[in-house]
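S.K.: Got a sequence here, can you model it:
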Amino acid sequence: MTAEVLPRRALWWLLACHFFVVLPHLTRVPWWLLGVYIGASSWRLQMHRERIKMPAKSIRLLLAIGGMAAIFASYRTLVGLEPMVALLLVAGGFKLVEAVRVRDGYVLVSLGFFVITTQFLFDQSLPAALYGVIGTLLLVTSLVALNTSLHQPLRTLEPLLALKMLTLAVPMMLVLFVVFPRLGPLWSVPSKTGEGTTGMSDHLNPGDVARLSRSADVAFRVQFMGPIPDSTDLYWRGMVLSSLQDGVWRTLDWRDYPASERQLRRPKLGDGVLDYRVISEPTYQQWLFSLPYATSSHEAVVEAWDFRLMAKSALETPFSYRVQSFEPIIIEPQLSPWRRRIELQHPVGLNPRTRAWVDAQRAVYQDDEAFIKQVLATFSQQPFYYTLEPAVITENDFVDRFFFDTRQGFCEHYAYAFVVMMRMAGIPARIIGGYQGGERNPVNNTLIVRQFDAHAWAEVWLDDRGWQRIDPTAAVSPDRIRYGLEQALQSSEGFLADSLLSAYRFRSVSWLNWLRLQYDAAAWRWQSFVIGFDSDQQFELLGGWVGKIDAPALITLTLGSGAMVLMPLTWWLHRSRRGSERSEVEQRFARLCAKLEGRHGIARERGESPKAFRQRVAKKLASTEPLLRELDQTIDSLYRSPS
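M.R.: Below you'll find the model as predicted:
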């Protein structure tokens, strides 16, 4: 019957909102999926114009099988987050073709809500949330349009009514967000691949850190509970690179540690303490960044045996953790034989010129600290250069070529050469990968650490002093540590080469820089109070209101606060409905209902919609019945009326 046919205006809204909610996924799904939506929409529009017919069931079945085969060919699997989302998008695209009935419209709306939800599995930023709100508004608008007259043109009534409905739902949304228990996932979601992400890695090649200087993306944000330390003290320790194999520095896996080394040996701590909170962007890795020496009370954070912090699982979403950094008196005052052997390993037979130079200097500077100062003085006094674009070294004797020939490098080049020279001299040493410095945001007094702040330095072990931080880059380019990478490499063409449209590049424009910092402050609040609102914060907040929180108290608080919101809202809606005068169309519809009940015994049931009532009347009356035609016209006018 015509009443079941998808209204024209609903079709337009459904096509528009499905294209809108799919757009964010186009950067992570195969390119041909856009072609599926364009083709399906074009086919459906031609069907609406009665130029072509719906494909036969056999063709639709073949298309569905072909879509699954194409996804499998693109991902080599159907298991995983990306292929599952791609399957959902293919289903939505093909469903557009068969959307001819109102019930098909409801299915498409439901699919649209699922697509919006999957967007937050990849991106939970503030812009993604705003985009999701607009998509939700479009889907609710489609629901409104599904309940309008069949042939009415597009009007502004639907989005305004949808906006009103969403606005009325905000109080209940806030109640559920604050008081509804934070339950763990009922099922596990296959992990994202993490391909295409930037950040520090668990291995280090010469040039790896320099490539990060091309990006202005945020790595993490920090809020100190007190004053922000000086930039020269902001060494964000992340990876400990102790193993050198085939010219590549790597972190030690937990399987590499013998049982005797798997006991955490906490250092004796001094009086100084820094209390701060870090919100890390997704890295798809487990390591976390902190100032040394760091501890965290977060249940998902563990302390590794080499005095760094790690998450229990890979960071696939923004992750917030509270940290305390102390001033330790001595970190690891005694080295075990296994640890000493690991931190002294270096390629035997390579870099003969460096070996000869180290032996000669070691004969003069037998004290470890004196030898270290001599190496740093050589970097400082000899013509070494700090650059993003050093000469490429492919030889196995990397340190020889760098130290004696090219003398051009980024921080990882100097850390690489320095640690090898220390190990040749019998001084335990390792490379530390992380970030150095950061940009202070005066709007909310937070620190923004970006990818171009990535840095590599060294740690050496000294008798009676334990592990000490040594940054050979500071000997070559003190401005890098004191003022940041931007000041040290102002004339370098490679700096921020991958962030041509980043707002950071336009910080010299005062009003753009103001907007940039305001947005960053808003992003911090969003991640702190919305994304980071976990069960611990919830219990802390509710405990401040009602005291002890247990299961009965939480249930009572949830039901009670929900009732406090719904009861006045229900009273207001009922009062506004009763207080408003019925329009002429509504009065005519009521008179028709009375005639149908009096003449034919067809009474409108309580809560029955006009469309449903019309369908029931049509089953009992002939199509030529004048009252039925008048009912059709009245219902069309009723749905067209703004009231």
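
S.K.: what does the host helix or strand of Asp520 contact?
M.R.: In the assignment (DSSP states H and E), Asp520 maps to helix 510-526. Under the criterion C-beta atoms under 8 Å, 6 or more residues apart in numbering, residues 125-126, 129, 218, 221, 223, 279, 441-444, 446, 448, 503-504, 506-507 lie in contact with helix 510-526. Every C-beta, even on glycine, is put in place using the N, C-alpha and C of the backbone.

S.K.: just stretch 319-330 next, same as before
M.R.: Contacts of stretch 319-330 (C-beta under 8 Å, 6+ apart): 267-280, 282, 288, 290-298, 300-301, 309, 311, 464-466, 527-528, 531-532.

S.K.: can you rerun that using 7 Å?
M.R.: Residues outside stretch 319-330 that contact it (C-beta atoms under 7 Å, 6 or more residues apart in numbering): 267-270, 272-280, 288, 290-298, 301, 311, 465-466, 527-528, 532.

S.K.: Looking at stretch 550-564 now, give me its mean pLDDT.
M.R.: Mean pLDDT, computed over stretch 550-564, is 79.

S.K.: oh, I was asking about stretch 212-232
M.R.: Averaging pLDDT along stretch 212-232 gives 90.

S.K.: what does stretch 336-343 give?
M.R.: Mean predicted confidence for stretch 336-343 is 93.

S.K.: Now do the buried residues in that stretch.
M.R.: 339, 342-343 (16 or more other C-beta atoms under 10 Å).

S.K.: If we only consider these, which is nearest to Ser477?
M.R.: Of all the buried residues of stretch 336-343, Ser477 sits closest to Glu343, with 26.3 Å by C-beta to C-beta.

S.K.: So, low pLDDT: which residues of the stretch 251-400 of the chain?
M.R.: By pLDDT under 70, the stretch 251-400 of the chain contains no weakly predicted segment.

S.K.: ok, back up a step: right, and out of the buried residues of stretch 336-343, which lies closest to Pro229?
M.R.: The closest of the buried residues of stretch 336-343, once distances to Pro229 are taken by C-beta to C-beta, is Glu343, at 27.9 Å.

S.K.: Am I right that Arg221 sits in a strand?
M.R.: Yes. Assessed by DSSP: H, G, I helix; E, B strand; the rest coil, Arg221 belongs to a strand.

S.K.: ok, and the closest non-adjacent residue to it?
M.R.: Sequence neighbours aside, Ile279 is the residue nearest to Arg221 in space, at 5.0 Å (criterion: C-beta to C-beta, 6 or more residues apart in numbering).

S.K.: Contacts for the one helix or strand Ser110 maps to, please.
M.R.: Following DSSP H and E, one finds Ser110 within helix 102-119. With C-beta under 7 Å, 6+ apart as the test, helix 102-119 has contacts from 4, 6, 10, 14, 17-18, 21-22, 24-25, 85, 88-89, 91-92, 95-96, 98-99, 128, 132, 135-136, 139, 142-143, 146.

S.K.: Now, of those residues, which are buried?
M.R.: For the contacts of helix 102-119, buried by 16+ other C-beta under 10 Å: 6, 10, 14, 17-18, 21-22, 24-25, 85, 88-89, 91-92, 95-96, 98-99, 132, 135-136, 139, 142-143, 146.

S.K.: before we move on, back to that, let's see which of the buried residues of stretch 336-343 end up in helices.
M.R.: Under the assignment DSSP state H, the buried residues of stretch 336-343 contribute 339, 342 to helices.

S.K.: Which pLDDT value goes with the residue nearest in space to the middle of the chain?
M.R.: Most central in the chain under C-alpha atoms, centre = their mean is Asp123, positioned 3.8 Å from the mean C-alpha point. pLDDT, Asp123: 87.

S.K.: got the residue ranges for the helices in the stretch 251-400 of the chain?
M.R.: Remark: helices assigned in the stretch 251-400 of the chain by DSSP state H, counting those that start in this stretch are 337-342, 352-364, 368-381, 398-400.

S.K.: most tightly surrounded among those helices?
M.R.: helix 398-400 (a mean of 22; mean count of other C-beta atoms under 10 Å).

S.K.: Do you have the strands of the stretch 251-400 of the chain handy? List them.
M.R.: Remark: strands assigned in the stretch 251-400 of the chain by DSSP state E, counting those that start in this stretch are 268-280, 294-295, 301-303, 309-311, 319-330, 385-386.

S.K.: Does anything pack onto the biggest helix by length in the chain? Which helices or strands?
M.R.: Across the chain, the helix with the greatest residue count (assigned by DSSP H) is helix 551-579. On a contact count with 3 or more C-beta pairs under 7 Å, 6 or more residues apart in numbering; DSSP states H and E, helix 551-579 meets helix 157-179, helix 535-546.

S.K.: moving C-terminal of it, what's the next helix or strand?
M.R.: Going down the chain from helix 551-579, the next helix or strand is helix 584-600, by DSSP H and E.

S.K.: what comes up buried for that next one?
M.R.: Quick answer for helix 584-600 (16+ other C-beta under 10 Å): 585-586, 588-589, 592-593, 596.

S.K.: could you dump those to CSV with pLDDT?
M.R.: Formatted as CSV, those follow (pLDDT from 0 to 100):
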residue, pLDDT
Val585, 80
Glu586, 80
Arg588, 85
Phe589, 86
Leu592, 87
Cys593, 88
Leu596, 88
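
S.K.: Could you tell me which of the buried ones among the contacts of helix 102-119 belong to helices?
M.R.: Of the buried ones among the contacts of helix 102-119, the ones assigned to helices by DSSP H are 10, 14, 17-18, 21-22, 85, 88-89, 91-92, 95-96, 132, 135-136, 139, 142-143, 146.

S.K.: Are any of the contacts of helix 510-526 buried, and if so which?
M.R.: 125-126, 218, 221, 223, 279, 441, 446, 448, 503-504, 507.

S.K.: Does Phe533 belong to a helix, a strand or coil?
M.R.: Three-state assignment for Phe533 (three-state DSSP): coil.

S.K.: can the buried residues of helix 584-600 go into CSV with extra columns for distance to Arg60?
M.R.: Shown next, in CSV, are these (distance: C-beta to C-beta, whole Å):
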residue, distance to Arg60
Val585, 41
Glu586, 42
Arg588, 43
Phe589, 39
Leu592, 41
Cys593, 41
Leu596, 40
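
S.K.: between these, which is nearest Pro568?
M.R.: Out of those, the member with the shortest distance to Pro568 (by C-beta to C-beta) is Glu586, at 26.0 Å.

S.K.: ok, now which ones touch the closest one?
M.R.: Contacts of Glu586 by C-beta under 7 Å, 6+ apart are Leu638.

S.K.: how close does it sit to Asp400?
M.R.: 91 Å (C-beta to C-beta, to the nearest Å).

S.K.: What of Leu137?
M.R.: 64 Å.

S.K.: Please apply the same query to Ala356.
M.R.: From Ala356 to Asp400 the distance is 10 Å (C-beta to C-beta).

S.K.: and Phe326, what are its bridge partners?
M.R.: Val273 (DSSP bridges).

S.K.: Tell me how many other residues crowd it.
M.R.: 19 (other C-beta atoms under 10 Å).

S.K.: likewise Arg505?
M.R.: Using other C-beta under 10 Å, Arg505 has 14 neighbouring residues.

S.K.: Leaving out the residues flanking it, which one is nearest to it?
M.R.: Leu496 (6.0 Å).

S.K.: Can you list the neighbours in contact with stretch 162-175?
M.R.: Outside stretch 162-175, the residues that touch it by C-beta under 7 Å, 6+ apart are 136-137, 140-141, 144, 561-562, 565-566, 569.

S.K.: Now it: buried residues?
M.R.: Within stretch 162-175, the residues scored as buried using 16+ other C-beta under 10 Å are 162, 171, 175.

S.K.: Show the average pLDDT along it.
M.R.: On average, stretch 162-175 scores 89.

S.K.: And for stretch 620-638?
M.R.: Per-residue pLDDT over stretch 620-638 has a mean of 82.

S.K.: CA atoms of it as PDB?
M.R.: Taking Å, rounded to 0.1, in the frame of the first residue of the first chain, the C-alpha atoms of stretch 620-638 are listed here in PDB:
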ATOM      1  CA  LYS A 620     -12.000  -2.700   6.000                       C
ATOM      2  CA  LEU A 621     -13.200  -0.200   3.500                       C
ATOM      3  CA  ALA A 622     -13.300  -0.100  -0.300                       C
ATOM      4  CA  SER A 623     -10.800   2.200  -2.000                       C
ATOM      5  CA  THR A 624     -13.800   4.100  -3.500                       C
ATOM      6  CA  GLU A 625     -15.200   5.000   0.000                       C
ATOM      7  CA  PRO A 626     -15.300   8.900   0.200                       C
ATOM      8  CA  LEU A 627     -14.300   8.800   3.900                       C
ATOM      9  CA  LEU A 628     -11.100   6.900   3.000                       C
ATOM     10  CA  ARG A 629     -10.100   9.500   0.400                       C
ATOM     11  CA  GLU A 630     -10.900  12.300   2.800                       C
ATOM     12  CA  LEU A 631      -8.900  10.500   5.500                       C
ATOM     13  CA  ASP A 632      -5.900  10.400   3.100                       C
ATOM     14  CA  GLN A 633      -6.100  14.100   2.300                       C
ATOM     15  CA  THR A 634      -6.400  15.000   6.000                       C
ATOM     16  CA  ILE A 635      -3.500  12.800   7.100                       C
ATOM     17  CA  ASP A 636      -1.300  14.500   4.300                       C
ATOM     18  CA  SER A 637      -2.300  17.900   5.700                       C
ATOM     19  CA  LEU A 638      -1.700  16.700   9.200                       C
END
